[in-house]
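Peer 1: Return a 3D structure for these sequence lines:
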Amino acid sequence: MNKLLNTHHVEEARLFAIVMTFCGGFLDAFTYIQCGHTLAAAQTGNIVFLAAALVNHNVIGIIDRCGAIILYVLGIIVAITFQAHIKYWRIFCLFPILIIGGFVGAMPENFPTYLSVGLVSFGLALLNTAFSKIEGLGYSSVFTTGNIKKSVVFGTEYIYHHRQQDLKIAVNYFIVVLAFTLGAISSAIIQPFSRMKTIWVAVAIILLTDIFYYYQKVVDYRMKLAT
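Peer 2: Residues are numbered from 1 along each chain as shown. Purely as a prediction, here's the structure:
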């Protein structure tokens, strides 16, 4: 458990990186399958889809992708605002995705995709901004191309130079890539049975994580007072 939980910087612990990337993959797969093949967090993909929608004069596709991109940007701005004004800002950064996920899961399948995807994009932007480091190294919890690259780079560095630190870093990035993949696969498996309610699985996991994170911060604060 000590390897998973960093008591000095709880938000950078492997445990939170695993959970957040699992939920990131889960939610990206949810919006892609349930909400008009639009990605909630991977804005690179949405820009490509936007270009295709423009060429094909697909108005709905244009609205969906623009909504996701704009609300993702707004989510980052809100997260930075929280950071500047709230002490335990990361706890509050998870509230929007909990509320949004609960709302979207209760909606019918014909609920407008530009609303469902845009709202999830907003929530994931806050999540990604709040939890963006694993043991001091930057990573993404809601898309994984950069994580794959870093895992391969540091793994190759270890092969050539045999530095244990490179191996540790490569393993960390491999773990988050694996978590993202498992999250996406789990979402795809559940969706045929639960449809829109599938998102509630991620909501439950994030809620438990937020509670646990708050508990760890309280314990850390009391330990500092004791010393």
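Peer 1: and the gap between I211 and I91?
Peer 2: Using Cβ to Cβ, to the nearest Å, I211 is found at 9 Å from I91. All C-beta atoms are positioned from the backbone trio N, CA, C, and that covers glycine.
Peer 1: my bad, should have said K217
Peer 2: K217 is 8 Å from I91, by Cβ to Cβ.
Peer 1: picking up where we left off before, I211 and I91: which is more packed in?
Peer 2: Higher neighbour count among I211 and I91: I91, with 17 against 12, using other Cβ atoms under 10 Å.
Peer 1: Now find how far off-centre the helix or strand that one falls within is within its chain.
Peer 2: Using DSSP states H and E, I91 falls within helix 89-93. The chain centre lies 14 Å from the centre of helix 89-93; the measure is Cα atoms, centre = their mean, to the nearest Å.
Peer 1: average pLDDT for the longest helix anywhere in the chain?
Peer 2: Looking across the chain with DSSP state H, the single longest helix is helix 164-194. For helix 164-194, mean pLDDT is 96.
Peer 1: That one - contacts with which helices or strands?
Peer 2: Applying 3 or more Cβ pairs under 8 Å, 6 or more residues apart in numbering; DSSP states H and E, one finds that helix 164-194 contacts helix 14-34, strand 133-134, strand 137-138, helix 145-161, helix 199-226.
Peer 1: Tell me which of the ones you listed lies nearest to P96.
Peer 2: P96 lies closest to helix 199-226 among the helices and strands packed on helix 164-194, at 10.5 Å (Cβ to Cβ).
Peer 1: Compute the inter-axis angle for the closest one and helix 14-34.
Peer 2: Relative orientation of helix 199-226 versus helix 14-34 (axes from the mean of the first three to the mean of the last three Cα atoms, to 10 degrees): 160 degrees.
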